[in-house]
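# Predicted model follows, preceded by the sequence.
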Amino acid sequence: MLNVFNTADDVLTALAEYFVIIGNEAITKNGKFSVALSGGSSPKKLYELLASSFHDKLDWEKVYFFFGDERNVPQDHPDSNYLMAKKALFVPLYIDPHQIFAVDTSLEPKDAAKKYQDEIESFFDETELSFDLILLGLGDNSHTASLFPHTPVLHDRVPGVSEVFLQDQQVFRITLNAPLINEAQNIAFLVYGEGKAIAVHHVLEDDEDIEEYPAQLIEPIVGDIQWFLDDAAASMIRHK
């Protein structure tokens, strides 16, 4: 479902409200709320909003945080998704470290991916690997999480965590794969700005081509998917 708003601030407020609604529903139903966070500048503003204006709207002691993907850098590195979320969300809300599941980037990428998958499986125990909410962004090249064009992870068939090597940047990332993301109960894309309009159009309206537009892989099996866009990001969508 498309949710289109006038400004980026409107988008962020709407997604924060949605985050709280889904969180409260999960806590009421299961006693806990599992969410996989996305990295980058756009979600940072969302996390800052949640930690300020929405800090009293959710029982944060029952929220368990994971990451949709992570850069292969130390946890105190400026590029770390964990560090960004820590500063914007975890520290301001006094989140207990036991509620935070960060990727162990001190390991080799393949080992880090395996360990993270083991931690996710342990958290869900014998139940399905289904997060209550996964937050996603969208890159200019139509990637989401670390599902980049023309990478082997695009062909994963079993839910799990994979390491991804980006040839052009000569760096590794660790990511939830599409089958695992698609097991989620709720998926929300946060996309705003004119620079994202072409990518949004490719993913939502072009013929399927997962090698070029990896975010097309995101199709929840039984869950719900919501796109939170501003007018600029939605400007090239023909059928709203």
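Arrived safely. Numbering: from 1, shown residues only.

# where's Ala26 relative to Ser52, distance?
According to CB to CB, to the nearest Å, Ala26 stands 22 Å off from Ser52. The way it works is simple: take the backbone N, C-alpha and C, and place the C-beta from them, glycine included.

# Oops, could you answer that again for Ile21 instead?
18 Å.

# before we move on, what about Leu217?
For Leu217 relative to Ser52 (CB to CB), the value is 34 Å.

# of the two, who's got more company?
Using other CB atoms under 10 Å, the more surrounded residue of Leu217 and Ser52 is Leu217, with 21 against 12.

# give the contact list for the residue nearest to that one when sequence neighbours are not counted.
Among residues not flanking Leu217 along the chain, Ala178 sits closest, at 3.9 Å (CB to CB, 6 or more residues apart in numbering). For Ala178, the contacting residues are 147, 153-154, 156, 214, 217-218, by CB atoms under 8 Å, 6 or more residues apart in numbering.

# How about Tyr82?
Contacts for Tyr82 (CB under 8 Å, 6+ apart) come out as 67, 70, 75, 102-103.

# farthest pair in those residues?
Phe67 and Gln75 (11.0 Å; CB to CB).

# what is in contact with the two at once?
With CB under 8 Å, 6+ apart, Phe67 and Gln75 have common neighbours 82, 102.

# ok, those two, which is more surrounded?
Higher neighbour count among Phe67 and Gln75: Phe67, with 25 against 15, using other CB under 10 Å.

# what bridges to the more buried one?
Assessed by DSSP bridges, Phe67 has beta-bridge partners Leu37.

# Surely it touches Ala102?
Yes. Phe67 lies in contact with Ala102 (CB atoms under 8 Å); the separation is 6.6 Å.

# now for the worst-scoring helix or strand of the chain on mean pLDDT, which elements pack on it?
The weakest-scoring helix or strand in the chain, judged by mean pLDDT, DSSP states H and E, is helix 41-52 (a mean of 95). Counting contacts by 3 or more CB pairs under 8 Å, 6 or more residues apart in numbering; DSSP states H and E, helix 41-52 packs against helix 8-30, helix 81-85, strand 186-191.

# which residues in this structure form helices?
With DSSP state H as the criterion, the chain has helices at 8-30, 41-52, 81-85, 109-124, 178-181, 197-205.

# Using PDB, write out the CA atom coordinates for the third one.
In PDB, the C-alpha atoms belonging to helix 81-85 read as follows (Å, rounded to 0.1, in the frame of the first residue of the first chain):
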ATOM      1  CA  ASN A  81      24.300   1.300  11.300                       C
ATOM      2  CA  TYR A  82      24.500   0.100  14.900                       C
ATOM      3  CA  LEU A  83      26.300   3.200  16.000                       C
ATOM      4  CA  MET A  84      23.800   5.400  14.300                       C
ATOM      5  CA  ALA A  85      20.900   3.600  15.900                       C
END
